[in-house]
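**Q** Provided below are the primary sequence and the corresponding predicted coordinates.
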Amino acid sequence: MISLSAKKGVIVMLSERQMMILRAVVRDFTNTGVPVGSKTLAKQLPIHVSSATIRNELAALEEQGLIEKTHSSSGRIPSGEGYRYYVDHLVKPDPLRPNDMDVIQSSLGGDFHKIDEIISQSATILSNLTSYTAFTLKPELKDSRLSGFRLIPLGKRQVMAILVTDSGDVENQTFDVNEKVTGEQLEAVVRLINDQLVGLTLPEVLKKLQQDIPLKIANYLQSPEGFLDIFGDVLTRAAQERFYVGGRLNLLNFSQDSDVDSLKSLYAMLDKTDDIADVLGQPSDKISVRIGNEMTNDALRNFSLITATYDVDQHGKGMIAILGPTRMPYSRMLGIVGAFREELAKKLLDYYRFYDE
């Protein structure tokens, strides 16, 4: 059996024995972190092969750019291209361990009052399961509709604005009102918002805020700009993509770069939604693995990223991801990510059914 793979425009051709050896090199190195030699491989391979033959095959794999020598050992380690070949052609997701499934189901089985709570908790669960840094993205909200808006007086001229969507998301923000604004005026504005905007999608509501709504609110408030700014902020926050990060400190456990500035750059990325979105990329129905230089951020050259979408029917699709070292046990991680996205989708579907009822 011959396997073909394109590597930087070059066709990589591997025999069945070479694939067997490459698989063993990757799995042994990801498990131990120790460069793999011919004697170790001779003990691990399911067929009897002499050390001399294995050395020849290792030399061929090295020539193909799939493995490389280290300065401190005569053994080999996978290269970025070797990991890529392994993930594309040789890896199979491991079945989920029973205790892992117990952890997932029990952690997601609690009482949650908001979608955000489920998504946030999911990042923590996933990081604990993998010991890596995890990302979760809530289902897209472009089709969510405004289902209610309220203003609650808090005293001392402070008011809390509360916005609710039909998907169960709740956003709130506290602000100060001008002493000239009466409670009756605020109640009239709330009635106007609910009469004119409830039932519209969030993008439609935002559009309305740029058109006729300011003029209508001006009938009740002499200076509606401040109120509109607050309402727009709450609405925008409800509509925007919401990423959650779990296991931030796990980056320190496997970062190969001890340079303080590099670590600062890495952690700064975790605090910026746009940077996270760039790293995670566009969602795909398939589980995706990106390795090292395949990611746009140079700070991630020694990392691998596994991403997967989860589908909650008409409520949209979200994303989960784990960021770890290139030397991660891909079989186990792919198994965890695959199972976790299914359980998360089930949990969210149950939540939406309950809320819809």
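**A** The structure has been received and is ready for your questions. Residues are numbered from 1 along each chain as shown.

**Q** all strands of the stretch 1-150 of the chain, in order?
**A** 2-7, 10-15, 67-70, 73-78, 133-137, 146-155 (DSSP state E, counting those that start in this stretch).

**Q** which of those is buried the deepest?
**A** Greatest average neighbour count among the strands of the stretch 1-150 of the chain goes to strand 133-137 (a mean of 26), per mean count of other CB atoms under 10 Å. C-beta: built from backbone N, CA, C; applies to glycine.

**Q** that strand pairs with which strands?
**A** strand 243-246 (antiparallel), strand 317-325 (antiparallel) (DSSP bridges).

**Q** what's the closest of these to L41?
**A** Nearest of these to L41, taken as CB to CB: strand 317-325 at 22.2 Å.

**Q** which strands or helices does the helix or strand that comes right after the closest one pack on?
**A** Heading C-terminal from strand 317-325, the first helix or strand you meet, by DSSP states H and E, is helix 330-356. Counting contacts by 3 or more CB pairs under 8 Å, 6 or more residues apart in numbering; DSSP states H and E, helix 330-356 is packed against helix 16-32, helix 98-107, helix 115-130, strand 303-311, strand 317-325.

**Q** give me that answer again for 7 Å
**A** helix 98-107, helix 115-130, strand 303-311, strand 317-325 (3 or more CB pairs under 7 Å, 6 or more residues apart in numbering; DSSP states H and E).

**Q** would you list these in CSV and tack on mean pLDDT, mean neighbour count and distance to N56?
**A** What follows is those, written out as CSV (pLDDT from 0 to 100; neighbours: other CB atoms under 10 Å; distance: least, CB to CB, whole Å):
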stretch, mean pLDDT, mean neighbour count, distance to N56
helix 98-107, 92, 14, 40
helix 115-130, 92, 21, 37
strand 303-311, 94, 23, 29
strand 317-325, 93, 24, 30
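
**Q** nearest to N253, out of the ones you listed?
**A** It's strand 317-325; of the helices and strands packed on helix 330-356, that one is closest to N253 (CB to CB) at 8.9 Å.

**Q** got a markdown table for the strands paired with strand 133-137, with distance to L348 too?
**A** Below are the strands paired with strand 133-137 laid out as a markdown table (distance: least, CB to CB, whole Å):
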| stretch | distance to L348 |
| --- | --- |
| strand 243-246 | 14 |
| strand 317-325 | 8 |
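
**Q** which one, of those strands, ends up nearest to I77?
**A** Using CB to CB, the strands paired with strand 133-137 put strand 317-325 closest to I77, at 12.2 Å.

**Q** keeping just the C-alphas, turn the closest one into PDB.
**A** This file holds the C-alpha atoms of strand 317-325, laid out as PDB (Å, rounded to 0.1, in the frame of the first residue of the first chain):
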ATOM      1  CA  LYS A 317     -24.000  26.900  15.200                       C
ATOM      2  CA  GLY A 318     -21.300  27.500  17.800                       C
ATOM      3  CA  MET A 319     -17.700  26.500  18.100                       C
ATOM      4  CA  ILE A 320     -15.400  24.800  20.600                       C
ATOM      5  CA  ALA A 321     -11.600  24.600  20.400                       C
ATOM      6  CA  ILE A 322      -8.600  23.500  22.300                       C
ATOM      7  CA  LEU A 323      -5.100  25.100  22.000                       C
ATOM      8  CA  GLY A 324      -2.200  22.900  23.100                       C
ATOM      9  CA  PRO A 325       1.400  22.000  22.100                       C
END
